[in-house]
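> What follows is a predicted protein model with its sequence.
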Amino acid sequence: MCGISGIFSKNAVADTIYDSLIHLQHRGQDAAGIATWNNNKVFFKKDLGLVSEIFKSEDLIKLSGNIGIGHVRYPTAGCDNVLNSQPFIISNPVTMALAHNGTLINSEQIKEKLLKSHFCQFNSNSDSEVLLNLISFELTKLKFKKLSKKHLFKALNKVYKKVSGGFSVIMIIAGIGIVAFRDKNGIRPISIGKNKDGYMIASENSALNALGFNFLDDINPGEVVIINENGQLFRKQLIENYHYNPCLFEYVYFSRPDSTLDSISVHKTRLRMGDYLGEKILKKYKNLKIDVVVPIPDTSRTSAMQVAYKVGAKYREGFMKNRYIGRTFIMPGQTVRKKSVSQKLNPIELEFKNKNVLLVDDSIVRGNTSKKIIEMVKNCGAKKVFFASASPPIRYQNVYGIDMPATTELIAHNRNEEEIKKHIRADELIYQDLIDLKKAAHLGNPKIKNFEDSVFSGNYCTGDITKEFLKTLEQKRADSKRNSS
């Protein structure tokens with residue numbers, strides 16, 4: 001999972017790109033990069049670490065120009081190398097820089113064909129570099145004297161026919177300006193905003209709002225947006241037969257609550273998730289005597305408040321959170337994750353002692369965090385600890401841009417809810433129903449009827465995920481293959 005941004009302005013953009021990445025830092029805490037365009041030259045810097053650690057004042061001064069793009073990244077298997085960080089740069093047939101959020105599921109096949117053509121070489125293991133080289137390859141075949149929008153649309157039309165997966169992309173292209181486009185299923189989010197000085201494109205519109213850009217629109221699936229070097233905006237729907245299948249997990253976990261993705265408020269979706277979960281508890285678990293509802297911070301707070309309201313129990317904050325620890329399910333290595341849980345959360349004992357506690361989390365992935373938290377709460381003297389997940393059981397890998405664990409590492413893989421309850425040592429376990437989760441998002445925009453819900457259902461919306469692909473991915477994502485202790 002990544003966060004991307006791009007800005008055209010009358011003024012220098014490096015500072016604003018930096019600020020945009022701060023507002024997108026929740027989407028990636030492993031690496032960051034910025035590229036700007038000035039006087040027919042790309043200036044860039046990227047490195048491993050947080051945005052504030054990588055970029056100093058002197059760096060931003062050197063990143064000159066009024067056009068720029070930025071990127072933040074979460075760690076993925078085999079990607080703990082600065083060569084895999086973004087943006088990626090290429091100079092053939094024109095200078096281009098690319099920032100990409102998502103995953104191309106057929107990148108290895110594309111890479112193999114490009115290598116056989118002797119057109120390019122690769123310096124990383126990233127599918128983003130593959131995508132950049134494919135765009136370069138398609139443009140080169142056009143043999144233009146001067147690159148135009150018409151050439152670009154023709155090349156991207158070819159690219160769309162060759163790639164599969166979930167992606168949103170922002171590029172700098174010499175002679176064109178900023179170019180942004182999205183996969184034909186609209187899996188990964190991307191929005192456009194405007195202020196008096198120019199335009200901004202970002203993964204989430206909360207970043208636009210925070211920087212004083214008025215939200216204009218979401219980029220459609222299969223649509224290309226250009227902001228040229230004069231600051232003019234152009235839009236072209238390149239793929240006519242597109243489908244909306246936005247990622248459901250964006251609403252559950254990744255996106256900020258102040259974001260609206262494809263006209264669906266993340267905050268309101270999480271409120272509805274809590275309503276439905278509370279109603280399920282009242283209907284199917286009415287014998288539970290819940291004294292207090294406690295969220296596992298931060299993402300589950302909104303849903304937990306509604307659960308407490310529905311079941312008629314007190315809502316309490318029961319954990320102090322260390323905000324300097326990243327999101328644990330994505331952290332590579334079981335040792336690192338276990339250590340980070342105890343570093344990340346510390347229970348407030350008086351909120352748990354002699355009480356029947358309902359803990360609410362946004363999801364349960366590996367189950368190790370849930371198990372550790374339940375142990376903490378019981379050690380604080382809780383009489384009983386019930387655990388509720390605002391999303392359904394996660395049983396399958398994500399292949400469209402979230403570095404979900406290998407399927408065999410998922411707590412819900414080949415386990416029923418009773419077995420999961422015993423494993424995490426909860427006195428009761430309640431999961432959200434998938435139909436209710438989808439309804440919680442759908443009500444925000446009734447025009448969107450389908451969602452990318454593969455981690456829950458095992459149904460992959462691109463329709464081309466084979467057992468062989470999943471098996472290979474399983475091997476790559478296994479903890480034993482990761483570069484960690």
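Looks like it came in fine. Numbering: from 1, shown residues only.
> Buried ones in stretch 122-132, by neighbour count?
124-132 (16 or more other C-beta atoms under 10 Å). C-beta here means a position set from N, CA and C on the backbone, and glycine is covered the same way.
> Rebuild these as TSV, extending it with secondary structure and distance to residue 322.
As requested, these are arranged in TSV below (DSSP: H, G, I helix; E, B strand; the rest coil; distance: C-beta to C-beta, whole Å):
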residue	secondary structure	distance to residue 322
124	coil	32
125	coil	32
126	coil	30
127	helix	33
128	helix	31
129	helix	35
130	helix	37
131	helix	36
132	helix	37
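> quick one: least confident of the residues you listed?
Note: of the buried residues of stretch 122-132, the lowest pLDDT belongs to residue 125, at 88.
> Compute the distance between that residue and residue 463, please.
26 Å (C-beta to C-beta, to the nearest Å).
> and what of residue 285?
From residue 285 to residue 463 the distance is 37 Å (C-beta to C-beta).
> More neighbours: which of those two?
Legend: neighbour count by other C-beta atoms under 10 Å for residue 285 and residue 463, higher for residue 285 (16 against 8).
> Nearest spatial neighbour of the more buried one, chain-adjacent residues omitted?
Leaving aside its chain neighbours, residue 285 sits nearest to residue 430 (6.0 Å; criterion: C-beta to C-beta, 6 or more residues apart in numbering).
> dump the residue contacts of the one you found.
277, 280-281, 284-285, 386-389 (C-beta atoms under 8 Å, 6 or more residues apart in numbering).
> partners of the one helix or strand it maps to in the sheet?
Taking DSSP states H and E as the criterion, residue 430 maps to strand 428-431. Strands that pair with strand 428-431, judged by DSSP bridges, come out as strand 384-389 (parallel).
> Contacts for the partner strand next, please.
Taking C-beta under 8 Å, 6+ apart as the rule, strand 384-389 contacts 277, 281, 285, 288, 290, 307, 356-364, 370, 374, 377-378, 421, 424, 426-432.
> Quick check: mean pLDDT of it?
Per-residue pLDDT over strand 384-389 has a mean of 98.
> can you check stretch 448-465 too?
94.
> how far does that stretch stretch from start to finish?
With C-alpha to C-alpha, to the nearest Å applied, stretch 448-465 spans 23 Å between its terminal residues.
> what's the average pLDDT for whatever helix or strand comes next after the strand holding residue 430?
Proceeding N to C from strand 428-431, the next assigned helix or strand is helix 434-442, under DSSP H and E. For helix 434-442, mean pLDDT rounds to 98.
> from the middle of its chain, how far away would helix 434-442 be?
Centre-to-centre, helix 434-442 and its host chain are 19 Å apart (C-alpha atoms, centre = their mean, to the nearest Å).
> Kindly export the helix or strand just after that helix (C-alpha atoms) in PDB.
Remark: after helix 434-442, the chain's next helix or strand is helix 454-457, criterion DSSP H and E. What follows is helix 454-457, C-alpha atoms only, in PDB (Å, rounded to 0.1, in the frame of the first residue of the first chain):
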ATOM      1  CA  SER A 454     -11.300 -10.600  -2.200                       C
ATOM      2  CA  VAL A 455      -9.700 -10.700   1.300                       C
ATOM      3  CA  PHE A 456     -13.100 -11.700   2.600                       C
ATOM      4  CA  SER A 457     -14.700 -13.600  -0.300                       C
END
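> Just the buried positions in helix 454-457, please.
Buried residues in helix 454-457, counting neighbours by 16+ other C-beta under 10 Å, are found at 454-457.
> hang on, the earlier thing: buried only: go through the contacts of residue 430 for me.
Buried among the contacts of residue 430 by 16+ other C-beta under 10 Å: 277, 280-281, 285, 386-389.
> I'd like those as TSV, with distance to residue 303 appended.
Converted to TSV, these look like this (distance: C-beta to C-beta, whole Å):
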residue	distance to residue 303
277	6
280	12
281	12
285	16
386	15
387	13
388	9
389	10
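> out of those residues, who's nearest residue 165?
Nearest to residue 165 out of these is residue 389 (C-beta to C-beta; 27.2 Å).
> dump the residue contacts of residue 293.
Contacts of residue 293 by C-beta under 8 Å, 6+ apart are 304, 307-308, 311, 313-316, 357-358, 360.
> repeat that for 6 Å
304, 307-308, 313, 315, 358 (C-beta atoms under 6 Å, 6 or more residues apart in numbering).
> if I look at the residue sitting nearest the centre point of the chain, how far off is residue 460?
Nearest residue to the geometric centre of the chain (C-alpha atoms, centre = their mean): residue 1, 3.9 Å. Note on residue 1: its distance to residue 460, by C-beta to C-beta, is 17 Å.
> again, but for residue 221
In terms of C-beta to C-beta, residue 221 sits 16 Å off from residue 460.
> any chance you could map the strands in the stretch 101-250 of the chain?
Using DSSP state E, counting those that start in this stretch, the strands of the stretch 101-250 of the chain run over residues 165-173, 177-182, 191-195, 198-202, 214-218, 223-228, 233-237.
> Could you pick out the longest helix of the chain?
Identified as the longest helix of the chain according to DSSP state H is helix 266-284.
> Dump that helix to CSV, restricted to CA.
C-alpha atoms of helix 266-284 as CSV (Å, rounded to 0.1, in the frame of the first residue of the first chain):
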residue,chain,number,x,y,z
VAL,A,266,-14.8,6.8,5.2
HIS,A,267,-16.1,8.2,8.6
LYS,A,268,-19.8,7.5,7.8
THR,A,269,-19.0,4.1,6.5
ARG,A,270,-17.3,3.2,9.8
LEU,A,271,-20.2,4.6,11.7
ARG,A,272,-22.5,2.3,9.8
MET,A,273,-20.2,-0.6,10.3
GLY,A,274,-20.6,0.0,14.0
ASP,A,275,-24.3,0.2,13.7
TYR,A,276,-24.6,-3.1,11.9
LEU,A,277,-22.1,-4.8,14.2
GLY,A,278,-24.1,-3.5,17.3
GLU,A,279,-27.3,-4.8,15.8
LYS,A,280,-25.8,-8.2,15.2
ILE,A,281,-24.7,-8.4,18.8
LEU,A,282,-28.1,-7.5,20.1
LYS,A,283,-29.8,-10.0,17.8
LYS,A,284,-27.4,-13.0,18.1
